[in-house]
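Colleague: predicted structure and sequence below. I'll ask about it afterward.
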Amino acid sequence: MKLWRKPFDMADKAPLPARVHIDLDRCKGCGYCAEFCPRGVLVMMDELSPRGYNIVKIVDESKCLDCCLCQAICPEFAIFVTQEEKEEPMTHAER
């Protein structure tokens, strides 16, 4: 569905950019996060972690939906997702 105009509160309702953080010391290379990521942000690599497991890599973080499925499904709690702070527009009085 294509809108003929943008809603007035579109900036307020837009999702905030998310950042995916991976703790390589905890990751055991199970691949659940890469398999269940709805947008394919995470992929498994042939590269080994310091503990000898295959590691997961972030391919394109801008495609992340902030669904936190990777965080919820990780059995080792090696992934967590944070949201970047929204920049408040400056008012005329603050300039």
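Modeller: It's in.
Colleague: can you mark which positions in whichever strand or helix holds residue 33 are buried?
Modeller: Using DSSP states H and E, residue 33 falls within helix 32-36. Neighbour counts using 16 or more other CB atoms under 10 Å place 32-34 of helix 32-36 among the buried residues. Where you see a C-beta, it was placed from the backbone N, CA and C, and this is true even at glycine.
Colleague: with stretch 63-78 instead?
Modeller: For stretch 63-78, by 16+ other CB under 10 Å, it's 64, 66, 69-71, 74, 78.
Colleague: mind putting those into TSV with distance to residue 48?
Modeller: As requested, these are exported to TSV (distance: CB to CB, whole Å):
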residue	distance to residue 48
64	25
66	29
69	25
70	20
71	23
74	18
78	15
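Colleague: quick check, nearest of those to residue 15?
Modeller: Taking CB to CB as the measure, residue 15 lies nearest residue 66 of the buried residues of stretch 63-78, at 6.1 Å.
Colleague: state the phi and psi torsions of the closest one.
Modeller: With angles defined as degrees, to the nearest 10, residue 66 sits at phi 60, psi 40.
Colleague: and the longest strand for the protein?
Modeller: When the chain is scanned for its longest strand (criterion: DSSP state E), the result is strand 42-48.
Colleague: give me the contacts around that strand.
Modeller: For strand 42-48, contacts defined as CB atoms under 8 Å, 6 or more residues apart in numbering pick out 20, 29, 31, 33-34, 54-59, 70.
Colleague: circling back to that earlier point, which pair in the buried residues of stretch 63-78 spans the largest distance?
Modeller: Taking CB to CB as the measure, these span a maximum distance of 17.9 Å, between 66 and 78.
Colleague: sorry, back to before: give me the sheet partners of the longest strand of the chain and which way each runs.
Modeller: Applying DSSP bridges, strand 42-48 is found paired with strand 54-58 (antiparallel).
Colleague: just the CA trace of the longest strand of the chain, in CSV.
Modeller: Output of strand 42-48 as CSV, limited to C-alpha atoms (Å, rounded to 0.1, in the frame of the first residue of the first chain):
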residue,chain,number,x,y,z
LEU,A,42,23.7,-12.5,11.2
VAL,A,43,25.6,-15.2,9.3
MET,A,44,27.9,-18.0,10.4
MET,A,45,31.5,-17.7,9.4
ASP,A,46,34.3,-20.3,9.0
GLU,A,47,36.5,-18.2,11.2
LEU,A,48,37.1,-19.5,14.7
